[in-house]
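what would the 3D arrangement of this be:
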Amino acid sequence: MSIQVQNLLKQYGEQKAVNNVSFSLNKGEIVGFLGPNGAGKSTTMKMITGYLQPDAGNIKVCGIAIDKDVMNVKSKIGYLPESNPLYYDMYVKEYLKFIAGVHEIQNAKSKIQNIIELTGLTVESKKKIGQLSKGYKQRVGLAAALLHDPEVLILDEPTSGLDPNQIIEIRNVIKEQGRNKTVLFSSHILQEVQAICDRVIIINKGELVADSDVEALKQNAKSNRIAVSFSTNINKEKLESLPAAVEAIPTSDHSFKIVTNDTNELRKQLLELAVAEHLDITSLQTEGNNLEDIFRSLTTANN
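I've put the predicted structure just below:
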């Protein structure tokens, strides 16, 4: 196991920021770490990297217990924090040379050049960091995290501030790094997570609520809505009179989202209604089992 987290607890006064969280990651896995703001994602990442001490629980990185040899653990991790602290008065290459010195990297000059090319910093590499856009500052942080060729990457919102083209570029970098490293990264862009990850971990209010392959999570999720559109107006009450319909929610003049406990039966009843009423259904789609719907259902329950 590259990362092992067991019964992790972090408490601030009466509030449990992270409460009894356990999971493990293997080499070659790219795992999305999801949760709403304040769920405990960044706190968990900081404990894995050794920047915060847990109040209880155990963490191992590459088989090393973090409470036994934190400096060795840190040497095996590339960490891009959410805040991405940088020295704005330094030039890009100067900063990366400084990071190389911290890690005592051999052949630093060639490795810095390789990382600059890998993260798409070439055109901005002669500028001071303070002159860069937010997106390029994010790339500098990622370059620094990758420079010492760590076994584990912890990336907290790695594509924050990037434009769509840059997101695709950095996404490809992360996917390539995941071939021989362990990658744990958080993101609020669920489409991005679905594009990169085979597995997601979701926490809410400091507690683990899901840890599963994306496809398995989608298959196990209960679909409970049907989106339907008609070519002409239809009365909301007529839709709600269908035995399988719980509630019909208008989304436009001719479109509704219908809540149901049996999507298959509701689809059948909608088609029968269309035939009986001479209605033309222009769209009929089951909802509730995409990652966005799953995330919402897991993180809004009992709020």
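
just to check, residue 65 is in contact with residue 59?
Yes. Contact criterion Cβ atoms under 8 Å: residue 65 and residue 59 qualify, at 7.3 Å. Every residue, glycine included, has its C-beta placed from N, CA and C.

could you pull out the helices for the chain?
Shown for the chain, the helices assigned by DSSP state H span residues 41-48, 70-75, 92-102, 108-118, 134-146, 164-177, 190-196, 214-220, 236-240, 263-277, 291-300.

contacting residues around the least confident helix or strand in the chain by mean pLDDT?
Sorting the helices and strands of the chain by mean pLDDT, DSSP states H and E puts helix 214-220 at the bottom, at a mean of 76. Contacts to helix 214-220, defined as Cβ atoms under 8 Å, 6 or more residues apart in numbering, come from residues 193-194, 197-200, 210, 212, 289-291, 294.

tell me the domain ranges of this structure?
Using automatic domain parsing, the domain ranges for the chain come out as 3-219, 223-287.

now the shortest one, how far from the centre of its chain.
The gap between the average C-alpha position of domain 223-287 and the chain average comes to 33 Å, counting by Cα atoms, centre = their mean, to the nearest Å.

related to what we said a few turns ago, single out the most deeply packed of the domains of the chain.
Greatest average neighbour count among these goes to domain 3-219 (a mean of 18), per mean count of other Cβ atoms under 10 Å.

what's the offset of that one from the middle of its chain?
Per Cα atoms, centre = their mean, the centroid offset for domain 3-219 relative to its chain is 11 Å.

mind exporting the C-alpha coordinates of the least confident helix or strand of the chain to CSV?
What follows is helix 214-220, C-alpha atoms only, in CSV (Å, rounded to 0.1, in the frame of the first residue of the first chain):
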residue,chain,number,x,y,z
VAL,A,214,-16.8,5.2,-10.1
GLU,A,215,-18.7,2.6,-12.2
ALA,A,216,-19.6,0.5,-9.2
LEU,A,217,-20.8,3.7,-7.4
LYS,A,218,-23.0,4.6,-10.3
GLN,A,219,-24.4,1.1,-10.7
ASN,A,220,-25.3,1.0,-7.0
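
is residue 11 in contact with residue 43, as I believe?
No. The pair residue 11 / residue 43 is not scored as a contact, 10.3 Å apart, by Cβ under 8 Å.

give me the common contacts of these two.
residue 17.

list the contacts of the nearest residue to residue 132 once chain neighbours are set aside.
Computed as Cβ to Cβ, 6 or more residues apart in numbering, the closest residue to residue 132 that is not its neighbour in sequence is residue 124, at 5.8 Å. Residue 124 sits next to 92, 132, 136 when contact means Cβ under 8 Å, 6+ apart.

next one: residue 55
Applying Cβ under 8 Å, 6+ apart, the residues contacting residue 55 are 9-11.

what's stretch 92-99 in contact with?
Contacts for stretch 92-99 (Cβ under 8 Å, 6+ apart): 86-87, 90, 108, 112, 115-116, 121, 124-129, 132, 140, 143-144, 147-148.

please repeat the previous calculation with a cut-off of 10 Å.
86-91, 105, 108-109, 111-113, 115-116, 121-122, 124-129, 131-132, 136-137, 139-141, 143-145, 147-148 (Cβ atoms under 10 Å, 6 or more residues apart in numbering).

looking at the domains of the chain, which is nearest to residue 298?
Taking Cβ to Cβ, domain 3-219 is the member of these nearest to residue 298, at 4.7 Å.

now the contacts of residue 55 as CSV including distance to residue 183 and pLDDT?
Putting the contacts of residue 55 into CSV (distance: Cβ to Cβ, whole Å; pLDDT from 0 to 100) gives the following:
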residue, distance to residue 183, pLDDT
9, 25, 97
10, 22, 97
11, 28, 95
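
looking at these, spot the one nearest residue 50.
residue 10 (13.3 Å).

just to check, that closest one is in contact with residue 21?
Yes. Counting by Cβ atoms under 10 Å, residue 10 does reach residue 21; the two are 9.1 Å apart.

what is in contact with the two at once?
40, 43-44, 47, 54, 57, 206.

ok, those vs residue 30, which is closest?
Nearest to residue 30 among the shared contacts of residue 10 and residue 21 is residue 44, at 16.9 Å by Cβ to Cβ.

contact partners for the closest one?
Applying Cβ under 10 Å, 6+ apart, we find residue 44 in contact with 5, 8, 10, 17-18, 21, 23, 33, 35, 52, 54, 59, 154, 156, 184, 186, 201, 203, 206, 208.
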